[in-house]
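> Pasting the sequence and the predicted model now:
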Protein chains: 4
Amino acid sequence: MSGFHGLFIPGPTNMPCGVRQAMDIALEDQRAPDFPAFTLPLFHDLKKVFKTDKGQVFLFPGSGTGGWEAAITNTLSPGDRVLIAVFGQFLHLWADLCRRHGLIVDAVEVEWGEGVPVDVFEQRLRDDNRHTITAVLVCHNETATDVTSNVAAVRNALDAAAHPALLMVDGVSSIACIDFRMDEWGVDVAVCGSRKGFMLPTGLAIVAVSPKALETHRSAKCPRCYFDFADMVRTNKDGYFPYTPATNLMRGLRASLDMLLGEGLDNVFARHHRLAESARLAVKEWGLSLCAKEPKWHSDIVTAICVPKGSNSDDVVKIAYHRYRMSLGVGLSKVAGRVFRIGHIGDINEIMILQALAGCEMALRDVGIAVRPGSGVAAAQEYFRATAPRLQLDKVA
Amino acid sequence: MSGFHGLFIPGPTNMPCGVRQAMDIALEDQRAPDFPAFTLPLFHDLKKVFKTDKGQVFLFPGSGTGGWEAAITNTLSPGDRVLIAVFGQFLHLWADLCRRHGLIVDAVEVEWGEGVPVDVFEQRLRDDNRHTITAVLVCHNETATDVTSNVAAVRNALDAAAHPALLMVDGVSSIACIDFRMDEWGVDVAVCGSRKGFMLPTGLAIVAVSPKALETHRSAKCPRCYFDFADMVRTNKDGYFPYTPATNLMRGLRASLDMLLGEGLDNVFARHHRLAESARLAVKEWGLSLCAKEPKWHSDIVTAICVPKGSNSDDVVKIAYHRYRMSLGVGLSKVAGRVFRIGHIGDINEIMILQALAGCEMALRDVGIAVRPGSGVAAAQEYFRATAPRLQLDKVA
Amino acid sequence: MSGFHGLFIPGPTNMPCGVRQAMDIALEDQRAPDFPAFTLPLFHDLKKVFKTDKGQVFLFPGSGTGGWEAAITNTLSPGDRVLIAVFGQFLHLWADLCRRHGLIVDAVEVEWGEGVPVDVFEQRLRDDNRHTITAVLVCHNETATDVTSNVAAVRNALDAAAHPALLMVDGVSSIACIDFRMDEWGVDVAVCGSRKGFMLPTGLAIVAVSPKALETHRSAKCPRCYFDFADMVRTNKDGYFPYTPATNLMRGLRASLDMLLGEGLDNVFARHHRLAESARLAVKEWGLSLCAKEPKWHSDIVTAICVPKGSNSDDVVKIAYHRYRMSLGVGLSKVAGRVFRIGHIGDINEIMILQALAGCEMALRDVGIAVRPGSGVAAAQEYFRATAPRLQLDKVA
Amino acid sequence: MSGFHGLFIPGPTNMPCGVRQAMDIALEDQRAPDFPAFTLPLFHDLKKVFKTDKGQVFLFPGSGTGGWEAAITNTLSPGDRVLIAVFGQFLHLWADLCRRHGLIVDAVEVEWGEGVPVDVFEQRLRDDNRHTITAVLVCHNETATDVTSNVAAVRNALDAAAHPALLMVDGVSSIACIDFRMDEWGVDVAVCGSRKGFMLPTGLAIVAVSPKALETHRSAKCPRCYFDFADMVRTNKDGYFPYTPATNLMRGLRASLDMLLGEGLDNVFARHHRLAESARLAVKEWGLSLCAKEPKWHSDIVTAICVPKGSNSDDVVKIAYHRYRMSLGVGLSKVAGRVFRIGHIGDINEIMILQALAGCEMALRDVGIAVRPGSGVAAAQEYFRATAPRLQLDKVA
């Protein structure tokens, strides 16, 4: 099997060389005297990506799922009620995790392909005048579909209802890819992982916490130890950890932060948007539809594409993988067999998107879906040409 | 700061080149069709290291502390009673973790430097004729001191008392370094991590579980989700995971297993013993004492050395680090300032031990502890010379 | 600059992960007792790629140009006459190198885009009845144009003329990519490098030598030392070298050989042919012409594309580089500004070719060359679909 | 074979992690428009290490031997006379290389263990009033013995004799390790390689050339092409190369230069001196003698140790390698079997030296040489303790 395998799933992502290099080191002593000189600036810079001054960011060895568990168990008590809208596999799993920890889940079932129903949320919050809802859970970007929700609007709904519930956001696939503003949006707990926008291997649950959430933490009764905030607060302030941290991933995270902040977050977001836009243009050209029902839900992280009735999206993914050495995302759960997904997240550029689209066209045609060869590629090409910075040929080497 | 920094702590360890290389790859899709062809043999071979045929091994993204939490929450219910002997920082932390999860901890306080008091355990178990103790917790090797306990003897005590409690073992620093026999010793849950005997970065909690523990799991009421065995059982059987696994570490684990099984576990254990023995001979030559009170507790993983009254072991560690570029383990908690530790675990050999001893001698002398220069090194050298395989000069290139 | 930079030049090539890993090691002692256990099998397996049983392969730290120098200085004497056809930049340089070493160069000037004029060669050799020509120099694949010559036919010409001249072949870009048969074709010196078909960084001149050339070497009077065959013959037989070899590259070469021989040379050649064919189909669809004048010269290593009059091929390359993060080959020397080149050599696959073609289309359109967007991509896609192994969906995971 | 293999030969050296990482990248196009932005500062900073403002530094893919050939063939003509003192294997080889290129070699045979006989040189130069000697060749540090010669004194001898011969220096193992001053000492050609003080793999011949040597180059008649300065001069000025350069090594060289210049050359030299001094103290303590006859020849790069009559130094090296996983340098040529060598060059520190000494002591004793165990280690330890920067314990973490 020659050549590079194309990785076009919505995480793990294509890892930049500099990140890979930064992790390719000997192991180190997490109790070393100069370890804080590394960790304290890391914590500081991480806050920039979450856009929080007031909050605090914790790093747990774990996955995003662990981050969800940290968010819940540190701030809530068994019997607490949480409000969540379920319109994708990851929201389904988060709701399930809440139930397993003894929470009462007010799950608003929403059609897959739509996002957070802000009006419904606002009404529920207004109706809850006894404030039995202790937290509102939002998935910023549901990667199972390709739906991005409006977190700021949920904050507005909370404010409009004058409701004190905590606002918790699953930003696993969104943070460091699209705009996220923890302080401005009044987010209390934001959960992220290493393997999406941070372009690292799986292994870090990255959790940002507001002062309000930390305050709540004191009375929260969900049992916890591994993911306990208090142990982190106590040790992180000196640059250390309550148990062994994942130092190699943290060295990679340093490199990742340097890249993200070096490029500028706004540029990172614009890049993701532009690449996503090109994929959407290709899908349109193919005559296929997105999983996201309306443009307002469009995700700049992943494009989920519905195959025509009679076709099986799993076949597209299998053919892409085995015949053309390219990983696409399968449809999960409710949309299994009906949707395949192109991830365009992290360290990616125009020619990588074109590669993904070209591969998809072959796989689609192989399963009998009559897209015109090169058509999606052409749509993306022309969009890229129109939007790439102009090059003054006489000014470059 | 030139040259290689000496890493002589009891984990993280010196990572072999082949393990480092194996992890230095592009990220991959954990839902790929051929992923099980990688994971199923990995699970299979992991069982060999735990010496279990009947058990099952789980891999969680997390640290050893997460492994403790997995062990407890999957098999016990709030209010359950556990029996544990506390004689080191890691046992203290495990007991604390149990309490936070609502367990009643019968903690037998033992002097630091001793190991599991099997007789006391047996008496407690015999006295517990109503079987209120649901689990016995043992730390196979307490790295805070340098004490290895007799797990088989604890099993015998349980059997002698005809007590049905689960036997749980913290094998974080012992497994893959010294002999561990899950099935033969009737261990129900064995907790390990990636960063000790497996010579990998921190990031995998490796938990082996007996059929009895899995059966118990069904009725265990501690809330859990991230570390839930059931989700692993359901997905692992097909080679997949309930959420994103730490694929890069797993690729490194494959390389690590190949090395361990290639060398032969008995040879790995013999090597650890021989290197540890050389360190103990050096300490004797220095006129210092080990933290372990008796030879039967001697650890082949770490040597914890008491400094004379009036000296501060932290100064030894600081000087070694700053003046001689070498990491030693500090004394933790009760033995802080009184003990420093030399880790001799994982991918290590004779000349690395000599380097550690030579560095220690300088640091000891710098703090005013009158060891004779070269004395410990000489003791170890002569032991190595006496025990190294003979070389027939006329038969080698 | 995010994402992977596309490398589509005819060397250096895309390096496989396994080759990169194999070189990423600590340095080693080239006088180590077990070094020959590594080098002797390496020499042995290298011969398989050159398809020589009788010959010997030497590894010099250097580039392909050094290999040319080794070939010449070891076998010829100042004043010797060599016959060479010049139809590309690299042939021009090789002829120049010969002159600088005091040889008389019979250069047959051939239009760029054509290959070795076998008839002319045969006539010259027949006319040279006093055998003043001591060597015939052939470039198997001229990467400056995209012309592959028929080495076997040159051997036939020599035989037909019953001429004893040495046959020397520049196989720098051909060996390990297209079929090369040293013994069968009676090649006396074959020159290769590390950075083309062997998919390694620049740094090894790989020179295969026939017994006849080694015999000639004894009387050859060109001064030489660094590149002297005799020192290599003397030391290589025991697995050592006359001076420090490039051990890291040799470790990578081991990995490269394992891949090439594992895939099977015939499969490697077929893969290169298929990828090249797809690129040629794209060029045809674009309405552009190849530099190679006739199909018989078509190169499976590189596609050199002529831009229409009025356009500058350098602009295509600059735009591809700066606007779309993709390296193409420029036109060299006589074809500067008129030709750009797509390398499809080494570790490359279908989706990488599609990426290259898609990027070319954007750059071509940016400079005003009216190729239809997606058209070349489509031609290649349909060819790939028609020629990829069938996948039985019900038989794969 | 577990643990890290000790590399204590005088090159290749222990490669710093940052250098290894810098080379562990995808291959790149040496004709890329932004390649000069990398190469031009590299050339600039290289000159700092040679301490030349007026000279120019060339990078050839090759080894140090290639650098010798470049030095000779670019500046001399067949029949030219060179003056060289031979007192080691590498000087022997350089002289041999000169002869093979048609030069007349005035070889002053000097006992191995001594250095350049400056008085003899001065007399020869004074006697050569017709200036038939065109170049004086000096090996700054002969690694076969452990002898460093006084280059400045040779310059003084040339000046005292008012002789116009070129001064050529083999600085392969000295440059970047001990003080070298190209301009101040009037060196015309200085030859270095990648794998000693630059701490890189073998593969770069690094040659610095004075304006006078470049001027001479125009009339020098030794045939050359691969190593020709003129092609480099023509292309390097724009940041390019006449043929493919070894880009990965050059990326590593960038990292190496950053380290060397970051540490400060004077600090680099002082570090090498201190480590060498410790090794010499150990040898003294062992009751063995150095190969270098007098302190003025002592090398800070390598320590060559004579074994007592009746012992074979090769046995020491073999035992160290096979029994204790440690590479030492063998005795070469005239001192084969009588001398073994400890390299202390490049990225090395105190505890690495102690490791080397400890390993040597075991190997020496194994062959029956009665050094006291730990004695050399102790001598080095006490020297290190006395000379290490004081650490103020209350001022460090």
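All right, it came through fine. Values in this document were obtained by computation on a predicted structure and should not be read as measured data. Numbering: from 1, shown residues only, chains lettered A, B, ... in the order given.

> what's the longest helix seen in chain A packed up against?
In chain A, with assignment by DSSP state H, the single longest helix is helix A:265-286. Judged by 3 or more C-beta pairs under 8 Å, 6 or more residues apart in numbering or on different chains; DSSP states H and E, helix A:265-286 is in contact with strand A:289-290, strand A:302-306, helix A:350-366, helix A:375-387. In this view, the C-beta of every residue, glycine as well, is placed from N, C-alpha and C.

> among these, which is nearest residue D:214?
Among those, helix A:350-366 comes nearest to residue D:214, with 43.5 Å by C-beta to C-beta.

> Figure out how far that closest one is from the centre of its chain.
In terms of C-alpha atoms, centre = their mean, to the nearest Å, the centre of helix A:350-366 is set 23 Å apart from its chain centre.

> likewise stretch A:330-349?
That offset, for stretch A:330-349, works out to 13 Å (C-alpha atoms, centre = their mean).

> now stretch A:307-324
Using C-alpha atoms, centre = their mean, the offset of stretch A:307-324 from its chain centre is 25 Å.

> what does that stretch rub up against?
A:6, A:288, A:305-306, A:326-331, A:336-340, A:359-360, A:362-364, A:366-369, B:32-33, C:350-351, C:384, C:388-389, C:391, C:393, C:396 (C-beta atoms under 8 Å, 6 or more residues apart in numbering or on different chains).

> Can you flag the buried ones in these?
Listed as buried from the contacts of stretch A:307-324 are A:6, A:288, A:305-306, A:326-331, A:338-340, A:359-360, A:362-364, A:366-367, A:369, B:32, C:350-351, C:384, C:388, C:391; burial here means 16 or more other C-beta atoms under 10 Å in any protein chain shown.

> what number of residues lie near residue A:386?
Residue A:386: 7 surrounding residues under other C-beta atoms under 10 Å in any protein chain shown.

> next one: residue A:78
Residues near residue A:78, counting by other C-beta under 10 Å, number 14.

> The helices and strands packed on helix A:265-286: which one's closest to residue C:50?
Across these, closest to residue C:50 is helix A:350-366 (C-beta to C-beta), at 34.2 Å.

> Out of the buried ones among the contacts of stretch A:307-324, which are close to chain D?
The overlap between the buried ones among the contacts of stretch A:307-324 and the neighbours of chain D (C-beta under 8 Å from any C-beta of the partner chain) is empty.

> which residues sit in contact with residue A:72?
When contacts are counted by C-beta under 8 Å, 6+ apart, residue A:72 touches A:82, A:97, A:98, A:101, A:103, A:135, A:168, A:222.

> Mind telling me what element residue A:44 is part of?
For residue A:44, the host element (DSSP states H and E) is helix A:36-50.

> That helix vs chain D: in contact?
Yes - shown here: helix A:36-50 in contact with chain D (C-beta under 8 Å from any C-beta) through residue A:36.

> Tell me who's in contact with residue A:245.
A:30, A:59, A:61, B:63, B:202.

> Can I take it that the last one is in a helix?
By that I understand residue B:202. No - under DSSP: H, G, I helix; E, B strand; the rest coil, residue B:202 falls outside any helix and is assigned coil.

> any idea how far it is from residue D:141?
The gap separating residue B:202 from residue D:141 is 44 Å, by C-beta to C-beta, to the nearest Å.

> between those two, which one's more packed in?
Higher neighbour count among residue B:202 and residue D:141: residue D:141, with 32 against 28, using other C-beta under 10 Å.

> Phi, psi for the more buried one please.
As for residue D:141, its main-chain torsions (degrees, to the nearest 10) stand at phi -130, psi 110.

> which residues does the residue nearest to it when sequence neighbours are not counted contact?
Nearest residue to residue D:141, sequence neighbours excluded (C-beta to C-beta, 6 or more residues apart in numbering or on different chains): residue D:174, at 4.0 Å. By C-beta under 8 Å, 6+ apart, the contact list for residue D:174 reads D:140, D:141, D:148, D:180, D:196, D:197, D:301.

> Which of those ranks first by neighbour count?
residue D:141 (32 neighbours).

> Ramachandran coordinates for residue A:241?
Taking degrees, to the nearest 10, you get phi -130, psi 160 for the backbone angles of residue A:241.

> Can you give the contact residues for stretch A:347-356?
The contact list for stretch A:347-356 (C-beta under 8 Å, 6+ apart) reads A:6, A:8, A:13-16, A:19, A:199, A:275, A:278-279, A:326, A:328, A:342, A:344, A:377, A:380-381, A:384, A:388, C:1-4, C:6, C:324-326, C:351-352, C:354-355, C:358-359, C:362, C:377.

> again, only using 6 Å
With contact meaning C-beta atoms under 6 Å, 6 or more residues apart in numbering or on different chains, stretch A:347-356 is reached by A:6, A:8, A:14, A:16, A:199, A:275, A:278, A:342, A:344, A:377, A:380, A:384, C:2-3, C:6, C:324-326, C:351, C:355, C:358-359.

> Just the C-alpha atoms of it, please, in CSV.
Taking C-alpha atoms only, stretch A:347-356 is exported to CSV below (Å, rounded to 0.1, in the frame of the first residue of the first chain):
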residue,chain,number,x,y,z
ASP,A,347,-3.9,21.1,9.7
ILE,A,348,-5.4,21.1,6.2
ASN,A,349,-5.3,23.1,3.1
GLU,A,350,-6.8,23.5,-0.4
ILE,A,351,-5.1,20.7,-2.2
MET,A,352,-6.0,18.3,0.6
ILE,A,353,-9.6,19.2,0.2
LEU,A,354,-9.4,18.7,-3.5
GLN,A,355,-7.8,15.3,-2.9
ALA,A,356,-10.7,14.4,-0.6
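
> Cool, thanks, signing off.
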